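# heads up, no residue letters with this:
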């Protein structure tokens, strides 16, 4: 009985720690998004700016945000956004999509890039948090 109780306690603690880490990742990603806000918007009511709005980015085809004028390079990149694609892209956008209009130097820090993805991926296509 003591072993069962201990196992249950370990499982609950692990789940709580995982949830807390995820919340921290989203919060850290939101802070990192400050670097993106001059050009991009996310969340309910987000509109295209210099760059496209980023709602529903996870699983979205590159160059497909409605009413945004993408470069041909971006429209024809063949990218479907996922964590792996985003992490590769955000390190050096011009290297990933030569000819993109995006002039951002990139985020080289892996933890920051992962946190940013966690934040971006937390929004559905309507800008609501998942």
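That came in fine, so what should we check first? Quantities reported herein were computed from a predicted structural model and do not represent experimental measurements. Residues are numbered from 1 along each chain as shown.

# where's residue 44, which helix or strand?
For residue 44, there is no helix or strand it lies in under DSSP states H and E.

# any idea how far residue 126 is from it?
7 Å (CB to CB, to the nearest Å). (C-beta placed from N, C-alpha, C; glycine too.)

# Give me the common contacts of those two.
Shared contacts of residue 44 and residue 126 (CB atoms under 8 Å, 6 or more residues apart in numbering): none.

# What is the neighbour count of the residue nearest to residue 38 when sequence neighbours are not counted?
Leaving out its chain neighbours, the residue that sits closest to residue 38 by CB to CB, 6 or more residues apart in numbering is residue 50, at 7.2 Å. For residue 50, the count of nearby residues is 11 (other CB atoms under 10 Å).

# Can you read off the pLDDT for residue 50?
Model confidence at residue 50, expressed as pLDDT, equals 96.

# ok, it to residue 36 distance?
To residue 36, residue 50 is 11 Å away according to CB to CB.

# shared neighbours, these two?
Counting by CB under 8 Å, 6+ apart, residue 50 and residue 36 have no common neighbour.

# Residue 111 falls within a helix, correct?
Yes - in this structure, residue 111 lies within a helix as judged by DSSP: H, G, I helix; E, B strand; the rest coil.

# got the residue ranges for the helices in this protein?
Assigned helices in the chain, in chain order: 2-32, 72-75, 83-91, 93-96, 110-120 (criterion: DSSP state H).

# weakest of those by average pLDDT?
helix 2-32 (a mean of 60).

# count of neighbours near residue 91?
Using other CB under 10 Å, residue 91 has 16 other residues around it.

# Look up how far residue 58 lies from the closest residue to it other than its chain neighbours.
Closest residue to residue 91 apart from its sequence neighbours, by CB to CB, 6+ apart: residue 106 at 5.1 Å. Distance, residue 106 to residue 58, by CB to CB: 20 Å.
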